[in-house]
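In: Got a predicted model here, sequence first, then my questions.
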Amino acid sequence: MSNIVFMGTPQFAVPILKKINQKYKINCVFTQPPSKSNRGQKFTKSSIHICAEELNLEVKTPKKIDEEFEYLKELNLDLVIVVAYGQLFSKKILDLSKRGFLNIHASLLPKWRGAAPIQRSILNNEKKTGISFMKIDEKLDSGPVCNKYSIDILDQDNAEILSEKLSYLSTEKILENVQKVLDGEAIFKEQDHSKATYAKKIQKIEGKIDWNNSARKIIAQINGLYPKPGAWFELNNKRYKILKAKKNKQSATIGEVIDEQMTIACGENSINIIEIQKEGKNPQLIKEFLLGNKVRKGTIITSE
RNA sequence: CGCGGGGUGGAGCAGCCUGGUAGCUCGCAAGGCUCAUAACCUUGAGGUCGGCGGUUCAAAUCCGUCCCCCGCAA
């Protein structure tokens, strides 16, 4: 019986944890500590935290992983599996596991190392992305890779859908990779560091739509930032988040509402809004939205 | 106690400030027009105005309280 610890935090990692739990005994699950968040500043547990409790697994939530050095050492670890945990590891910690720390990263490394690979790949209008199984070293997503699996990015893919697809792909491939690593049969190859690019954390301001951009770019922005933080604009001091949209060939003055369906002109072409959310309201299909919100043809939406 | 918006027929909203016959855009049903229609015309059904309590001759509207949804911020 191997000693395995799982470390992860967001929803993306949940199906993967469940899958591993089906086959292996997991000694403990590490995740980020509950933080004050959301409306009313309530303490919120991470998705993995909740899942681990449901699976009756032991949960540890150190602010800094080093706090649990002794605990991890006692476990006499064979393998640590890391999926979007959110902390870097020191050499001291990494040396505690015989087979190292196996990480799933949601990009085709060395491309898009870092925090937001899924969003960045869509924002950048890329055609494909994927997942990489790699061994963690001290630097950010720079360790050697043993397997990569790619997937096409479709026009209708937004960050949520793509995340689900990649998460699903990960669950399909996780067991065979874990087994190989445990058996010492996995072959890890050094990344080509000269080709590394970084997927910086998403900042909320990136969601603000600049209508001078092309429709293509704006749609990438809408899809890449769905559902959070979302791409938005302001009109009459209210914030409107565009959840789904598609490209339209018409063009007009930048930011102009071209028709009664709220098609909005961009720097190049225009976009048809499919789903929209006004601040304080639930998301609505554009048809429903327009029944109660009159946005007249000819209105100019500024990017200020 | 982080800031704020909202809960009104099946859907989306207005009305609330300045209490006094419940309205709009749709949907639905029936009929009409039409070669025909998602178009147009006529008629109709459908609402304890989130719950409870208070003020008042009278509360969707004012006051209190509770429940639920959401945006921002972190």
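Out: All right, it came through fine. Residues are numbered from 1 along each chain as shown, chains lettered A, B, ... in the order given.

In: Find the closest residue to RNA strand B in the stretch 151-300 of chain A.
Out: Across the stretch 151-300 of chain A, the shortest distance to RNA strand B (C-beta to the nearest atom of the strand) belongs to residue A:292, at 2.5 Å. Yep, even glycine has a C-beta here, placed from its N, CA and C like the rest.

In: What count of nearby residues applies to that residue?
Out: 9 (other C-beta atoms under 10 Å).

In: For it, give me the pLDDT.
Out: As summarised for this prediction, residue A:292 has a pLDDT of 88.

In: With residue A:273 as the reference, measure out to it.
Out: 15 Å (C-beta to C-beta, to the nearest Å).

In: what are the C-alpha coordinates of the longest helix seen in chain A, in PDB please?
Out: In chain A, assigned by DSSP state H, the helix with the most residues is helix A:159-182. Written as PDB, here are the backbone C-alpha positions of helix A:159-182 (Å, rounded to 0.1, in the frame of the first residue of the first chain):
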ATOM      1  CA  ALA A 159     -13.400  29.100 -19.600                       C
ATOM      2  CA  GLU A 160     -16.000  27.200 -17.700                       C
ATOM      3  CA  ILE A 161     -16.700  24.700 -20.400                       C
ATOM      4  CA  LEU A 162     -13.100  24.300 -21.200                       C
ATOM      5  CA  SER A 163     -12.200  23.800 -17.600                       C
ATOM      6  CA  GLU A 164     -14.700  21.100 -17.300                       C
ATOM      7  CA  LYS A 165     -13.400  19.400 -20.400                       C
ATOM      8  CA  LEU A 166      -9.800  19.500 -19.200                       C
ATOM      9  CA  SER A 167     -10.900  18.400 -15.700                       C
ATOM     10  CA  TYR A 168     -12.700  15.400 -17.300                       C
ATOM     11  CA  LEU A 169      -9.700  14.600 -19.500                       C
ATOM     12  CA  SER A 170      -7.600  14.700 -16.400                       C
ATOM     13  CA  THR A 171      -9.800  12.200 -14.600                       C
ATOM     14  CA  GLU A 172      -9.500   9.900 -17.600                       C
ATOM     15  CA  LYS A 173      -5.800   9.900 -17.600                       C
ATOM     16  CA  ILE A 174      -4.900  10.300 -13.900                       C
ATOM     17  CA  LEU A 175      -5.000   6.700 -12.800                       C
ATOM     18  CA  GLU A 176      -2.600   5.300 -15.500                       C
ATOM     19  CA  ASN A 177      -0.200   8.100 -14.900                       C
ATOM     20  CA  VAL A 178      -0.300   7.700 -11.100                       C
ATOM     21  CA  GLN A 179       0.300   4.000 -11.500                       C
ATOM     22  CA  LYS A 180       3.300   4.500 -13.800                       C
ATOM     23  CA  VAL A 181       4.800   6.900 -11.400                       C
ATOM     24  CA  LEU A 182       4.300   4.700  -8.500                       C
END
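
In: Starting from that helix, tell me the next helix or strand along the chain.
Out: strand A:198-199 (DSSP states H and E).

In: Could you list the paired strands of that following strand along with their orientation?
Out: strand A:113-114 (parallel) (DSSP bridges).

In: burial of the residue nearest to residue A:270 when sequence neighbours are not counted, as a residue count?
Out: Nearest non-adjacent residue to residue A:270, counting by C-beta to C-beta, 6 or more residues apart in numbering: residue A:248, 4.6 Å away. Counted with other C-beta under 10 Å, the neighbours of residue A:248 add up to 19.

In: quick one, what contacts residue A:248?
Out: Counting by C-beta atoms under 8 Å, 6 or more residues apart in numbering, residue A:248 makes contact with A:215, A:263, A:269-272.

In: Look at the residue lying closest to residue A:195 once chain neighbours are set aside and tell me its secondary structure.
Out: Nearest residue to residue A:195, sequence neighbours excluded (C-beta to C-beta, 6+ apart): residue A:110, at 5.0 Å. Secondary structure for residue A:110, judged by DSSP: H, G, I helix; E, B strand; the rest coil, is coil.

In: How confident was the prediction at residue A:110?
Out: Reported pLDDT for residue A:110: 95.

In: State the number of residues packed around it.
Out: What residue A:110 shows, counting by other C-beta under 10 Å, is a neighbour count of 20.

In: for it, what are its contacts?
Out: Contacts of residue A:110 (C-beta under 8 Å, 6+ apart): A:142, A:191-193, A:195-197.

In: quick revisit: buried stuff in the longest helix of chain A?
Out: The neighbour-count check on helix A:159-182 (16 or more other C-beta atoms under 10 Å) flags A:159, A:161-163, A:165-167, A:169-171, A:173-174, A:177-178, A:180-182 as buried.

In: just how off-centre is it within its chain?
Out: Here the centre of helix A:159-182 is set off from its chain's centre by 14 Å, with C-alpha atoms, centre = their mean, to the nearest Å.
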